[in-house]
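*Asks:* Fold the following.
(one chain, ligands or ions: 1)
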Amino acid sequence: MPKKTSDFSRPKGTRDFLPEEMAKRRSVEETMRSVFEDFGYGEVETPVFEHLELITAKSGEEIKAHLYHFKDKSSRDLTLRPELTAPVMRLYLEALTHAPKPVKLYYFGDCFRYEEPQSGRYREFRQAGVELIGSPNPEAEAEVICVAVSALERLGLKDFRVSIGEVGVLRTLLESGGIHKEAHASVMNAIDKGVDVRKTLDGLGMQKDMEELLLTILELRGGKEALHTALELIEKTGIDLGDARAKINRLEETLRLLDVMGFEYSLDLGIARGLDYYTGMVFEIYAEGLGAQKQICGGGTYSLTEILDGEPAPTCGFAFGFDRIILALESQGKLAAPEKERLLVVATGEDMVGEAMRIASIIRRKRGCEVELMRRKLVKALAYANNMGYQRVVIVGGEELAKGCVVLRNMGKGEQKEVRIEDLGGPL
Ligand code: HAM
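*Replies:* Reported below is the predicted structural model:
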């Protein structure tokens, strides 16, 4: 065998989608879109590649290590986008800073991260998300969580959990323990991965009492009582921990609003998120049955505008891992392509092909239809229509045409009737 020199296969970590799969994906996208729009969010689209700096400014080590970074022919450093929050903030600063607040945006877009592919983890994957800009209030945070949960509910997804944390408190504790801001990313990354947190803190020389307090707080889980425990622990230190108390009170207010709306969640102060721009409330949603890649949504309150040389603006949002939601819906038997009305126009002989095309054009003034393009004999064409799930067939034959009619066959019932050609543009 001669050695193969070319590789025409799909790049690792990417996927192709066939029509049936695309129909299901589009239907999920439409449901999500309808929820985002019901909440008054408007769709935006940004380029697939951005200046490298936009992404490296504050996205964190985790993302930087996984970028598809390249130089264009003018030696510009560009990268395929690994996420859409930084691009949408750039768009906001370029076009929408003067718009009345809040600015409510949503997006669908493919993202690229050079990661080790596995089920639910790809190098090219799709995100759907929202960004809410301009409201500093807890109701903005509660609304963002509400949008995410409402979309999952409308999709019919069951068995998902919402976990809420607060990275602002974690950052305050790090600073009080002598860890400089520049080193926060490595700690947050260790917390996010759930590995070597103590080792990382020791390595950075964190004050021992603060380290113990932080490690205890990271373990806090449950309902609002876990927040009260965090407050007590912070107060017991007797140290002035800056805005930690205010941040906890603020989170409590967000949770109270979620209670009012009847949403279930659990508190998890060990959530750190893999991105570096979060400053306050953070949340993640997990779906059962997806194994290691069960996180279907991530988001929270973040600060990016000032890092991108804009005015500070309160911002909060989330992104769904679209592909993981597809996997979760599929595993729960909730992924179905919408039923489509299919109508096939069949010519009874070669001499009728032109007439079949003409009649199809008349039908298309009112509804979609297809023309049989393989010149199958009528019996075979009907068997084909049956196998392919066409509900109705229009048979174009010389005898009926002479009367200005065609035969309309209902495939389900096996019944047929003559219909006048001019009536084909109306209800059938
Ligand atoms: P993220 O958690 O990095 O957050 O990504 C959001 C979601 O994208 C994840 O929860 C996960 O479901 C999905 N995802 C991430 N990487 C992959 C991958 N390699 N393959 C398949 N799915 C993946 C963000 O990107 C933030 N921009 C979210 C946000 C919006 N925060 C505020 N606003």
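*Asks:* Name the residues of the stretch 101-250 of the chain found near the ligand, please.
*Replies:* With C-beta under 6 Å from any ligand atom as the criterion, the stretch 101-250 of the chain meets the ligand at residues R113, E115, R121, Y122, F125, Q127, G129, E131. (C-beta placed from N, C-alpha, C; glycine too.)
*Asks:* okay, P2: pLDDT?
*Replies:* With respect to pLDDT, P2 scores 66.
*Asks:* ignore the last one, K58
*Replies:* In the predicted model, K58 carries a pLDDT score of 78.
*Asks:* State whether L78 is indeed within a helix.
*Replies:* No: looking at L78 with DSSP: H, G, I helix; E, B strand; the rest coil, it is strand, so not inside a helix.
*Asks:* and it, what does it touch?
*Replies:* F49, E50, H51, L52, H69, F70, K71, D72 (C-beta atoms under 8 Å, 6 or more residues apart in numbering).
*Asks:* Pull out the buried residues from these.
*Replies:* Applying 16 or more other C-beta atoms under 10 Å to the contacts of L78, the neighbour count classes F49, E50, L52 as buried.
*Asks:* so D202 sits right up against E212, yeah?
*Replies:* No: proximity of D202 to E212 does not meet the contact threshold set by C-beta atoms under 8 Å, at 11.6 Å.
*Asks:* Neighbour count: the two, which is higher?
*Replies:* More crowded of D202 and E212, by other C-beta atoms under 10 Å: E212, with 16 against 12.
*Asks:* Is any residue of stretch 54-71 near the ligand?
*Replies:* No: no part of stretch 54-71 sits close enough to the ligand to count as contact by C-beta under 6 Å from any ligand atom; the gap is at least 7.3 Å.
*Asks:* First-to-last residue distance for stretch 252-267?
*Replies:* By C-alpha to C-alpha, to the nearest Å, the extent of stretch 252-267 from end to end equals 10 Å.
*Asks:* Now it: buried residues?
*Replies:* E252, T254, L255, L257, L258, F263, Y265, L267.
*Asks:* could you pull out the helices for the stretch 51-200 of the chain?
*Replies:* Taking DSSP state H, counting those that start in this stretch as the criterion, the stretch 51-200 of the chain contains helices spanning 52-56, 61-64, 85-95, 138-155, 167-176, 181-193, 197-203.
*Asks:* Show me what residue of the chain gets nearest to the ligand.
*Replies:* Here the chain gets closest to the ligand at one residue, G321, 2.0 Å apart by C-beta to the nearest ligand atom.
*Asks:* what's the neighbour count on that residue?
*Replies:* Neighbours of G321 under the rule other C-beta under 10 Å: 27.
*Asks:* For the stretch 301-428 of the chain, what lies in contact range of the ligand?
*Replies:* Y302, G317, F318, A319, G321, D323, R324.
*Asks:* With pLDDT and secondary structure as extra columns, can I get these in TSV?
*Replies:* Output for these, formatted as TSV (pLDDT from 0 to 100; DSSP: H, G, I helix; E, B strand; the rest coil):
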residue	pLDDT	secondary structure
Y302	97	strand
G317	98	strand
F318	98	strand
A319	98	strand
G321	98	strand
D323	98	helix
R324	98	helix
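*Asks:* which two in those residues are spaced the farthest apart?
*Replies:* Maximum pairwise distance among those (C-beta to C-beta): 23.2 Å, between Y302 and D323.
*Asks:* and these two? which has more neighbours close in?
*Replies:* Of the pair Y302 and D323, Y302 is the one with more neighbours under other C-beta under 10 Å, namely 26 against 20.
*Asks:* Identify the residues contacting that one.
*Replies:* By C-beta under 8 Å, 6+ apart, the neighbours of Y302 are T85, L275, Y277, Y278, T279, G280, T315, C316, G317.
*Asks:* Could I get the pLDDT score of the closest residue to it other than its chain neighbours?
*Replies:* For Y302, ignoring the flanking residues on the chain, the nearest one in space by C-beta to C-beta, 6 or more residues apart in numbering is Y277 at 4.2 Å. pLDDT for Y277: 92.
*Asks:* for the nearest residue to the residue of the chain closest to the ligand once chain neighbours are set aside, helix, strand, or coil?
*Replies:* Using C-beta to C-beta, 6+ apart and skipping residues adjacent in sequence, the residue nearest G321 is I296, 5.3 Å away. Here I296 is recorded as strand under three-state DSSP.
*Asks:* Same check on the one 10 residues further on?
*Replies:* Using three-state DSSP, the three-state assignment for E306 comes out as coil.
*Asks:* That one touches T315, doesn't it?
*Replies:* No: E306 lies out of contact with T315 (C-beta under 8 Å); the separation is 10.4 Å.
*Asks:* Those two: which has the busier surroundings?
*Replies:* Relative neighbour count places T315 above the other of E306 and T315, with 27 against 12, counting by other C-beta under 10 Å.
*Asks:* tell me the contacts of that one?
*Replies:* M89, E131, L132, I133, G134, T301, Y302, S303, L304, T305 are the contacts of T315 under C-beta under 8 Å, 6+ apart.
*Asks:* From P82, how far out is it?
*Replies:* 18 Å (C-beta to C-beta, to the nearest Å).
*Asks:* buried sites along stretch 193-205?
*Replies:* V197, T200, L201, L204.
*Asks:* Identify all contacting residues around it.
*Replies:* Contacts of stretch 193-205 (C-beta under 8 Å, 6+ apart): 177-179, 183, 186-187, 190-191, 211, 214-215, 218, 270.
*Asks:* Kindly recompute the last result at 10 Å.
*Replies:* 62, 174, 177-180, 183-184, 186-191, 206-208, 210-212, 214-215, 218, 270, 272, 274 (C-beta atoms under 10 Å, 6 or more residues apart in numbering).
*Asks:* Please state the offset of it from the chain centre?
*Replies:* Distance, stretch centre to chain centre, for stretch 193-205: 31 Å (C-alpha atoms, centre = their mean, to the nearest Å).
*Asks:* CA-only coordinates of it in CSV, if you can.
*Replies:* The C-alpha atoms that make up stretch 193-205 are tabulated as CSV, following Å, rounded to 0.1, in the frame of the first residue of the first chain:
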residue,chain,number,x,y,z
LYS,A,193,-10.2,21.9,38.9
GLY,A,194,-10.6,20.8,42.5
VAL,A,195,-6.9,19.8,42.7
ASP,A,196,-3.9,21.0,44.7
VAL,A,197,-5.7,24.0,46.3
ARG,A,198,-3.8,23.7,49.6
LYS,A,199,-0.5,23.1,47.8
THR,A,200,-1.1,26.2,45.6
LEU,A,201,-2.0,28.4,48.6
ASP,A,202,1.1,27.1,50.5
GLY,A,203,3.2,27.7,47.5
LEU,A,204,2.0,31.3,47.3
GLY,A,205,2.7,31.8,51.0
